[in-house]
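# Predicted coordinates and the sequence they were generated for:
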Amino acid sequence: MQKLYCYVDETGQDTKSEFFIVVTVVSDKNQEQLRRQLSDIEEVAQTHQLKWHKTEHRRRIKYLSLILERNIAKELVYTARYQKPIPYFFPIIDVLEKAIKKAARGNYQARIYVDGIDRKKAMELTNALRATGISLRMVKGCRDESEPIIRLADMWAGCIRSALFGHKDAQDIVKRAKEESYLRELKS
């Protein structure tokens, strides 16, 4: 049975944004190896295990540039954006369902880690995903401080949002990631 590990972060709950962006990293590869690679990049880029909005601009751009150069998590990062207003859970369910169905090969079971959700919301998300036919072991809340793969999803969500706000260097990184088939954009 294929074990899929899914790490989810989002941006756009604030009133400034017209869009809600969801990013998930879906992998059946060695999770510890991926964590080590990401931690090494965080050290080189000096992002200090921080989220996009808490990291100095040049460091976050360096982090994502290194991710692309080293092909870390290539084709494992799925993203979609949704016009607001929209209920918080709908985009997360939609992205997870689509990404898992694209990544799954035959018999699978997904384990999902979502940045910052509590147990009650995790159970609601579990029930909603099972209703869509997703084979699911669990949904768990996860803090970005302790999970490099969640921080990767956060960095991409922040970069995509920054690109939508017109920041040239973020636009360049997102464009490059799409051209190199690093990011897999899902239809919302």
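Ah, there it is.

# Could you export the lowest-mean-pLDDT helix or strand in the chain as PDB, CA atoms only?
Least confident helix or strand of the chain, by mean pLDDT, DSSP states H and E, is strand 136-142 with a mean of 94. What follows is strand 136-142 as a C-alpha-only set of coordinates in PDB (Å, rounded to 0.1, in the frame of the first residue of the first chain):
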ATOM      1  CA  LEU A 136      -7.200   8.600   4.900                       C
ATOM      2  CA  ARG A 137      -5.300   7.400   8.000                       C
ATOM      3  CA  MET A 138      -5.400  10.800   9.800                       C
ATOM      4  CA  VAL A 139      -5.400  14.500   9.700                       C
ATOM      5  CA  LYS A 140      -3.300  16.200  12.300                       C
ATOM      6  CA  GLY A 141      -2.400  19.800  13.200                       C
ATOM      7  CA  CYS A 142       1.200  20.600  12.900                       C
END
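
# tell me the mean pLDDT for the helix or strand just after it?
Next helix or strand after strand 136-142 toward the C-terminus (DSSP states H and E): helix 148-164. Helix 148-164 comes out with an average pLDDT of 96.

# Direction-wise, compare helix 148-164 with strand 136-142 and give the angle.
Counting by axes from the mean of the first three to the mean of the last three CA atoms, to 10 degrees, helix 148-164 points 70 degrees away from the direction of strand 136-142.
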